[in-house]
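Asker: got a sequence here, can you build the structure:
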Amino acid sequence: MRSPRCSRTVSRKSLRNSVLLIPFILVVPVAVPAQIEHETQVIALRDYFEVSISVNGADPDLLFGNLAEGLTARLEYAVRVSHPRNPPLSLFGSRLLSEYRVIYHARWDPFRDRYTISTQDGGLFTFRDEAALWRFFFTLPHYRIPWQGIGAGDPATPSRYQVDTQVVYEPVVFVPGLSILSVFLPHARQSSLWERSYLEEPR
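Answerer: Okay, here's the model as predicted:
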């Protein structure tokens, strides 16, 4: 014999109430770490320009505590190069020319008995002490971008360029299936605000 319709209605109503409670559960306050900040310096040279970035605000105890437990940390430097548009086209933002990303993965290697940093292009660097790793990990010095790489050198194009930079820091890198945890845990991903610089191509 079928269950009465009212029982189904109550079941759906209960389910609906449970669903409505989910947003309230998700907004329960969690410990939020201080967001990182970064500083950018851009220098124009004859054949290329250099972008240097230094990061501040990361928690050393959190980083080295995670590395000591065998976890991996990740840092991504993003550099966007654009042409500023003149009014009224400036309403649509700048015209993106190229984007560059430098990615570091830091970990403790028990076999080498050293800290290591690997890069997205296959580079590997080793460090004996925490101070050396910290300086390397949170600094991107003299990153060179050739003028030819962004289509510069044409007298018909503007010689003024816009450079936007940002840093994204993950004290713990989760496997894809567990990446949702980074939203709720105190060592969540941290992103600095975009910082804008301008430079002139030497002609």
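Asker: count the residues that sit near residue 35.
Answerer: 13 (other C-beta atoms under 10 Å). The C-beta positions use only the backbone N, C-alpha and C, and glycine is treated the same way.
Asker: quick check: it touching residue 191?
Answerer: Yes - counting by C-beta atoms under 8 Å, residue 191 is a contact partner of residue 35 at 6.9 Å.
Asker: mind listing the residues bridging to the residue nearest to the spatial centre of the chain?
Answerer: The residue lying closest to the centre of the chain (C-alpha atoms, centre = their mean) is residue 168, at 2.0 Å. Residue 168 has these beta-bridge partners by DSSP bridges: residue 76, residue 191.
Asker: tell me who's in contact with it.
Answerer: Contacts for residue 168 (C-beta atoms under 8 Å, 6 or more residues apart in numbering) come out as 75-76, 78, 189-192.
Asker: at 10 Å instead, please
Answerer: Applying C-beta atoms under 10 Å, 6 or more residues apart in numbering to residue 168 gives the contacts 36, 74-78, 101, 103, 189-192.
Asker: run through the residues that contact residue 53.
Answerer: Contacts of residue 53 by C-beta under 10 Å, 6+ apart are 38-42, 77-79, 102, 138-141, 143, 165-167, 192, 195.
Asker: give me the phi and psi for residue 47.
Answerer: phi -100, psi -10 (degrees, to the nearest 10).
Asker: just the one 5 residues further on next, same as before
Answerer: The phi/psi pair for residue 52 (degrees, to the nearest 10) reads phi -120, psi 130.
Asker: and what of residue 63?
Answerer: Torsion angles, degrees, to the nearest 10, at residue 63: phi -60, psi -50.
Asker: go ahead and confirm it touches residue 104.
Answerer: No - under the criterion of C-beta atoms under 10 Å, residue 63 makes no contact with residue 104, lying 11.9 Å away.
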